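Colleague: predicted model and sequence follow; I will ask about them next.
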Amino acid sequence: MKCFVTGASGFVGSNLVHELTARGHRVKALLRPGADERGLLGLKYDRVAGDILDRQLLVREMEGCDWCFHVAASYALWLRNYKPMYEANVEGTRNVLEAAGKVGCKKIVYTSTVGCIGLPKEVNGKWTPTTEIDVIEPEQLSNDYKKSKFQAEAVAYELFRKLALPIIIVNPSAPVGPGDVKPTPTGQVIVDYLNRRMPAYIETGLNWVHVRDVALGHILAAERGRYGERYILGNAEGNWTMGQTLAVLQELTGIPAPKFKVPHWLAMRVAEANELISAVTGKPPRAPLAGVKMAKYKMWFNPAKATMMLGLPQTPPKQAFADAIAWFRANGYVKK
């Protein structure tokens with residue numbers, strides 16, 4: 001298949017290009033000018049310089065493509081101005097999906113996030129991971145990234161219903177693994193740990209998944225997914241507290257895990273102070289308020305639909321962390 005990929009230089013996007021080319025698919029990668037292409041080194045693909053806000057370019061460059069993977073997104077937990085984020089995530093999504101429909105792409109896979117899915121509630125001390133059918137509550141849309149992606153997902157559903165576009169939605173959880181060039185906020189947790197820059201931690205819960213499984217999940221969605229449905233790309237064994245995550249990092253690295261668990265109320269006060277400083281300096285806060293707000297939830301999910309219907313691989317989360325650690329060490333992210 002000839003595949004058009006947006007966000008190809010990102011963590012998930014570059015791993016997707018790896019997996020597509022490994023399977024003999026031809027890739028046309030949309031990259032913004034100045035994009036960091038280290039994650040694509042050694043791969044054979046057609047490079048398109050441009051932006052998802054350029055509708056004419058999208059239509060012109062997608063012509064003749066069979067599949068479209070819209071992975072690009074603006075992701076930040078703190079910005080001075082969030083307008084560009086909404087433009088990229090909402091209007092950019094409309095532009096890409098409409099262009100793919102206009103040129104006749106047979107499959108359109110839109111990369112959403114588990115941040116658009118309802119979060120678990122604690123019942124008698126037990127948390128049950130949620131599924132694709134759980135509706136998110138307004139207070140759980142706790143930051144502009146989640147709000148913009150929620151609106152973007154609504155655009156995808158709208159275009160599926162009104163124009164019958166062949167759209168399939170995938171919702172990755174927290175990917176880890178090789179190729180996290182930037183790194184992402186989850187990758188930064190590992191980098192900070194390796195560099196012994198984590199004296200304390202905030203307890204939370206995340207669903208960890210190997211980035212390679214997420215990339216393969218996109219391809220499987222194009223091959224087997226049903227139009228107008230969404231699939232959680234996560235790991236059934238990856239619902240860990242931060243304490244459990246740090247214990248695994250200690251086991252894999254030999255570096256002692258931090259013992260001090262910061263109370264949520266204190267983390268909130270520190271984050272508020274950090275953001276006041278950032279408002280003056282323009283530099284992102286070390287602990288964004290949005291991240292602290294999310295930390296009070298157990299972001300645990302059940303990927304059974306994707307594993308049963310798509311055949312989503314379930315690489316052990318510990319292996320994902322081991323692969324990430326090896327990659328960060330091999331690529332100069334760890335100070336000696």
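Modeller: Structure's in. What do you need? Residues are numbered from 1 along each chain as shown.

Colleague: quick check, Thr111 in contact with Ala215.
Modeller: No - using CB atoms under 8 Å as the test, Thr111 is too far from Ala215 to be in contact (10.5 Å). Quick note: C-beta positions are derived from backbone N, CA and C, even for glycine.

Colleague: now for those two: what residues contact both?
Modeller: Val12 (CB atoms under 8 Å, 6 or more residues apart in numbering).

Colleague: all strands for the stretch 51-200 of the chain, in order.
Modeller: Under the criterion DSSP state E, counting those that start in this stretch, the stretch 51-200 of the chain contains strands at 67-70, 107-111, 122-123, 126-127, 167-172, 174-176, 200-201.

Colleague: tabulate those (a markdown table), appending mean neighbour count.
Modeller: Below are these laid out as a markdown table (neighbours: other CB atoms under 10 Å):
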| stretch | mean neighbour count |
| --- | --- |
| strand 67-70 | 28 |
| strand 107-111 | 26 |
| strand 122-123 | 8 |
| strand 126-127 | 12 |
| strand 167-172 | 26 |
| strand 174-176 | 27 |
| strand 200-201 | 16 |
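
Colleague: in terms of mean pLDDT, which of those strands ranks lowest?
Modeller: Confidence, taken as mean pLDDT, is least for strand 122-123 of the strands of the stretch 51-200 of the chain (a mean of 80).

Colleague: hmm, who's touching that strand?
Modeller: Contacts for strand 122-123 (CB under 8 Å, 6+ apart): Lys298.

Colleague: circling back: same list (the strands of the stretch 51-200 of the chain) but as JSON lines, adding distance to Asp51.
Modeller: Converted to JSON lines, the strands of the stretch 51-200 of the chain look like this (distance: least, CB to CB, whole Å):
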{"stretch": "strand 67-70", "distance to Asp51": "13"}
{"stretch": "strand 107-111", "distance to Asp51": "17"}
{"stretch": "strand 122-123", "distance to Asp51": "43"}
{"stretch": "strand 126-127", "distance to Asp51": "40"}
{"stretch": "strand 167-172", "distance to Asp51": "21"}
{"stretch": "strand 174-176", "distance to Asp51": "24"}
{"stretch": "strand 200-201", "distance to Asp51": "37"}
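
Colleague: what's the weakest-modelled helix or strand in the protein?
Modeller: strand 122-123 (a mean of 80; mean pLDDT, DSSP states H and E).

Colleague: neighbouring strands of that one in the sheet, and parallel or not?
Modeller: Applying DSSP bridges to the sheet, strand 122-123 is found paired with strand 126-127 (antiparallel).

Colleague: and the host helix or strand of Val270, what other elements does it pack with?
Modeller: If you go by DSSP states H and E, Val270 is part of helix 264-281. When contacts are defined as 3 or more CB pairs under 8 Å, 6 or more residues apart in numbering; DSSP states H and E, helix 264-281 packs onto helix 289-295.

Colleague: how far off centre is the helix it packs on?
Modeller: 16 Å (CA atoms, centre = their mean, to the nearest Å).

Colleague: Val334 is in contact with Asn195, correct?
Modeller: Yes - between Asn195 and Val334 there is a contact at 6.1 Å, judged by CB under 8 Å.

Colleague: surely Ala326 forms part of a helix?
Modeller: Yes - using DSSP: H, G, I helix; E, B strand; the rest coil, the assignment for Ala326 is a helix.

Colleague: so what pLDDT did it get?
Modeller: 97.

Colleague: same thing with Gly254?
Modeller: 96.

Colleague: now swap in Arg94 and tell me
Modeller: On the pLDDT scale, Arg94 gets 98.

Colleague: run a quick neighbour tally on Glu139.
Modeller: Using other CB atoms under 10 Å, Glu139 has 8 other residues around it.

Colleague: ignore what I typed, I meant Thr184.
Modeller: Thr184 has 18 nearby residues by other CB under 10 Å.

Colleague: on that earlier part again, tell me which of Asn195 and Val334 has more neighbours.
Modeller: Val334 (16 against 13).

Colleague: confirm that the more buried one sits in a helix.
Modeller: No - under three-state DSSP, Val334 falls outside any helix and is assigned coil.

Colleague: roughly how far apart are the closest residue to it other than its chain neighbours and Leu165?
Modeller: Distances taken as CB to CB, 6 or more residues apart in numbering place Leu194 nearest to Val334, at 4.7 Å, with adjacent residues excluded. Here the criterion is CB to CB, to the nearest Å. By it, Leu194 lies 43 Å from Leu165.

Colleague: try Val155
Modeller: 11 Å.

Colleague: what is in contact with those two at once?
Modeller: With CB under 8 Å, 6+ apart, Val155 and Leu165 have common neighbours Leu97.

Colleague: what pLDDT is listed against the nearest residue to Ala279 once chain neighbours are set aside?
Modeller: The shortest distance from Ala279 to any non-neighbouring residue, by CB to CB, 6+ apart, is to Arg80 (7.5 Å). Confidence at Arg80, expressed as pLDDT, is 85.

Colleague: pretty sure Arg80 sits against Thr281.
Modeller: No - using CB under 8 Å, Arg80 makes no contact with Thr281, being 10.2 Å away.

Colleague: so Ile232: helix, strand or coil?
Modeller: strand.

Colleague: got the contact list for the residue lying closest to it once chain neighbours are set aside?
Modeller: Once flanking residues are discounted, Ile232 sits nearest to Pro303: 4.6 Å by CB to CB, 6+ apart. Neighbouring residues of Pro303 by CB under 8 Å, 6+ apart: Ser173, Asn207, Val209, Tyr231, Ile232, Leu233, Gly234, Asn235, Ala236, Leu312, Gln314.
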